[in-house]
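[1] what follows is a predicted protein model with its sequence.
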Amino acid sequence: MNVGIEIGSDDTGQSVHINIEELLATRLLVQGNSGSGKSHLLRRLLEESAHLVQQVVIDPEGDFATLADAYSHVVIDAGDYNEHEIATMGSRIREHRASIILNLEALELEAQMTCAAAFLNAMFDAPRDHWYPALVVVDEAQMFAPSVSGDVPDAVRRASLGAMTNLMCRGRKRGLAGAIATQRLAKLAKNVAAEASNFLMGRTFLDIDMARAADLLGMERRQAERIRDLERGCFLGLGPAISRRPISMKIGPTQTSTRMGTHSLLPMPESEPENLRTMLFAEMETAAPPVPMQPAPQPVAAEELIRRIAQPEPAAGMTSDAEDSCDTRTADAVDVEAIIIDVLQEMLADTESAYQPDALLYQDFSVRCRMQQLAAVPLGLADFRRRFAFAKGGILDPAEPRWSALLEAAASLPEDMAAPFLQIARAAMEGNPCPDDDALGRAYGTRSPGRIRRLVEYMEKQGAVVVRADFGGRRSIGIPQLGLSTEAE
């Protein structure tokens, strides 16, 4: 399933899209000097894909905390928690698929690197059942993966660099897709930058950075001057998720904004010099008593924040009308079941879906359900795995009474064998020929004939099937529990 988001427009005004599914498989590197629009680009990417994929933002400056005002992100203020609690949250967000913003603003550089390393390592080490696709955005990546040692201890640098290397080099198989941004490519560790296949290059002035950017974009050195002339908010993009050839684009507007002050000029205050002098050097004893400060908000306890990650609150930006429509849509169980069946049929129409890992299939299922305007994904991973196995076996609605005997017979086999067994049992019930090895392979998720032979042998040893072959080599399979047999094939 190809899901594209509009990131901006090219020089001719045509929309430029990023394929999120491809981005998850190939990763992203954003480069540009301070003021080139990197944070604006990342915010646009996060906003447009918020409804498609789980998002994790490593935010060293607190720029992205405002996303939580409009979307269902949970903000973790890292200064309020210890390393063990941060690691626990990193593991929990993979389990519950919560989108979070790890705000490191209150920490010194050494503490930021230690905290980010603990959080990323916990995500990386999550159990295989929790390997859901997630977009991991790291702003100011040169801080966490420096190319040379700096003022922090070597142990801290190695831990942070190792976590970033795991994210970019080995994270794909675990569903983690890194999208990293840096001010200078020369300051970013090469083994981290080299793993990205998609590039968005903004304005930069130093020759060494322009040369590396031109190399990544496949441009000649003499063309590197083009990077210096880019305007704020304009980027050169290249990669399988963006374009096969370098393309110039202007990043589109965002719905949210940072809490930082404006960079525009403001009128100077109109006061006479004497008045200013009087205000600046007024006697302290005659000065008005200071206004009492409002008490600082108490940090959220780690247990409470973990509970919020497991059960995220609705986004503040949702209107009551939208909530009412979502409640109406999810309240009708018949409609939800019909949508589940339609989505499963759409997924089965893609022949490659039979060979995809469960985590990617579940992500595809989640996106399709949201596109059908369901307020929440109607099935958990375990329930989805079982329903998809039934669907591959030809049973889209397991609640139908005619399938009860088949499902009871399949219950004695491991869950991953349910689909090929149900294909055989259904063929026997309908008096059809035995499914061939290709059909059983698609149901089992393999292209290996040897694995299918071993699968059938295992089911026969368990007493679930009986295989017969005539002298012509034609095979039929009987189901003893049902007293039925397929036609010879």
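    Nice, I can see it. Residues are numbered from 1 along each chain as shown.

[2] CA only for contacts and neighbour counts going forward, please
    OK.

[3] for Thr182, give me its contacts.
    Thr182 makes contacts with 29-32, 139-142, 188, as judged by C-alpha atoms under 8 Å, 6 or more residues apart in numbering.

[4] adding distance to Leu379, pLDDT and secondary structure, write the residues you listed out as JSON lines.
    Listed next are the contacts of Thr182 as JSON lines, based on distance: C-alpha to C-alpha, whole Å; pLDDT from 0 to 100; DSSP: H, G, I helix; E, B strand; the rest coil:
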{"residue": "Leu29", "distance to Leu379": "34", "pLDDT": "92", "secondary structure": "strand"}
{"residue": "Val30", "distance to Leu379": "36", "pLDDT": "92", "secondary structure": "strand"}
{"residue": "Gln31", "distance to Leu379": "39", "pLDDT": "87", "secondary structure": "strand"}
{"residue": "Gly32", "distance to Leu379": "42", "pLDDT": "85", "secondary structure": "coil"}
{"residue": "Asp139", "distance to Leu379": "33", "pLDDT": "92", "secondary structure": "coil"}
{"residue": "Glu140", "distance to Leu379": "37", "pLDDT": "90", "secondary structure": "coil"}
{"residue": "Ala141", "distance to Leu379": "36", "pLDDT": "92", "secondary structure": "helix"}
{"residue": "Gln142", "distance to Leu379": "40", "pLDDT": "91", "secondary structure": "helix"}
{"residue": "Leu188", "distance to Leu379": "41", "pLDDT": "89", "secondary structure": "strand"}
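
[5] now render those as a markdown table, adding neighbour count and distance to Leu107.
    What follows is these, written out as a markdown table (neighbours: other C-alpha atoms under 10 Å; distance: C-alpha to C-alpha, whole Å):
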| residue | neighbour count | distance to Leu107 |
| --- | --- | --- |
| Leu29 | 24 | 25 |
| Val30 | 28 | 24 |
| Gln31 | 26 | 24 |
| Gly32 | 30 | 24 |
| Asp139 | 24 | 15 |
| Glu140 | 22 | 15 |
| Ala141 | 29 | 16 |
| Gln142 | 23 | 17 |
| Leu188 | 21 | 21 |
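
[6] show me which of those is closest to Ser353.
    Nearest to Ser353, judged by C-alpha to C-alpha, of the contacts of Thr182 is Leu29 at 28.7 Å.

[7] isn't the closest one right up against Leu200?
    Yes: the pair Leu29 / Leu200 is scored as a contact, 6.4 Å apart, by C-alpha atoms under 8 Å.

[8] ok, and what's touching stretch 401-420?
    With C-alpha under 8 Å, 6+ apart, stretch 401-420 has contacts from 386, 389-393, 395, 398, 421-422, 425-426, 440-441, 443-444, 455, 459, 464, 481-482.

[9] please point out which parts of that stretch sit buried.
    406-407, 409-410, 417-420 (16 or more other C-alpha atoms under 10 Å).

[10] just these now: which is nearest Gln373?
    Within these, proximity to Gln373 (C-alpha to C-alpha) peaks at Ala419, which comes in at 28.8 Å.

[11] pLDDT on the helix or strand where that closest one lies, on average?
    Per DSSP states H and E, Ala419 falls inside helix 418-430. Throughout helix 418-430, pLDDT has a mean value of 89.

[12] next one: stretch 198-212
    Here the average pLDDT along stretch 198-212 is 78.

[13] what's the end-to-end length of that stretch?
    Chord length of stretch 198-212, first to last residue, is 14 Å (C-alpha to C-alpha, to the nearest Å).

[14] for the stretch 301-450 of the chain, which spans come out with low pLDDT?
    For the stretch 301-450 of the chain, the stretches flagged by pLDDT under 70 are 301-303, 305-334.

[15] cutoff 50 now
    Filtered on pLDDT under 50, the stretch 301-450 of the chain yields the residue ranges 315-334.

[16] which SS class is Leu135?
    Assigned by DSSP: H, G, I helix; E, B strand; the rest coil, the conformation of Leu135 is strand.

[17] quick check: it touching Thr26?
    No: the pair Leu135 / Thr26 is not scored as a contact, 11.2 Å apart, by C-alpha under 8 Å.

[18] joint contacts of those two?
    Common contact partners of Leu135 and Thr26 (C-alpha under 8 Å, 6+ apart): Ala177.

[19] and the stretch of helix or strand Ile452 belongs to with helix 418-430, angle?
    Taking DSSP H and E as the criterion, Ile452 maps to helix 449-461. Angle of helix 449-461 versus helix 418-430, following axes from the mean of the first three to the mean of the last three C-alpha atoms, to 10 degrees, is 70 degrees.

[20] and Leu67, how close does it get to Gln372?
    Using C-alpha to C-alpha, Leu67 is found at 24 Å from Gln372.

[21] between those two, tell me which one has more neighbours.
    Leu67 (23 against 14; other C-alpha atoms under 10 Å).

[22] hang on, that one packs against Thr256?
    Yes: assessed by C-alpha under 8 Å, Leu67 is found in contact with Thr256 at 6.5 Å.

[23] OK, contacts around Ser149?
    Taking C-alpha under 8 Å, 6+ apart, one finds Arg157 in contact with Ser149.

[24] quick one: the closest residue to Glu140 other than its chain neighbours from Ala159, how far?
    Among residues not flanking Glu140 along the chain, Thr182 sits closest, at 4.9 Å (C-alpha to C-alpha, 6 or more residues apart in numbering). From Thr182 across to Ala159, the span is 19 Å (C-alpha to C-alpha).

[25] re the thing from before, Ala118: which of the contacts of Thr182 is nearest?
    Ala118 has its nearest neighbour among these in Ala141, at 15.6 Å by C-alpha to C-alpha.

[26] sorry, back to before: compare Leu135 and Thr26 (neighbour count), which wins?
    Taking other C-alpha under 10 Å, Leu135 and Thr26 do not tie; Leu135 has more neighbours (24 against 20).

[27] what's near enough to touch that one?
    Taking C-alpha under 8 Å, 6+ apart, one finds 24, 53-56, 176-179 in contact with Leu135.

[28] what is the helix or strand just after the helix holding Ala419 packed up against?
    Later in the chain than helix 418-430, the nearest helix or strand by DSSP H and E is helix 437-444. On a contact count with 3 or more C-alpha pairs under 8 Å, 6 or more residues apart in numbering; DSSP states H and E, helix 437-444 meets helix 418-430, helix 449-461.

[29] which one of those is the most hemmed in?
    Greatest average neighbour count among the helices and strands packed on helix 437-444 goes to helix 418-430 (a mean of 23), per mean count of other C-alpha atoms under 10 Å.

[30] now the angle from that helix to helix 437-444?
    Using the same axes, to 10 degrees, one finds that helix 418-430 and helix 437-444 are set 130 degrees apart in direction.

[31] what is the burial count for Ala87?
    Neighbour number of Ala87 under other C-alpha under 10 Å is 20.

[32] for Glu231, which non-adjacent residue is closest in space?
    Take Glu231 and drop its neighbours on the chain: the residue closest to it by C-alpha to C-alpha, 6+ apart is Arg203, 6.8 Å away.

[33] cheers, nothing more for now.
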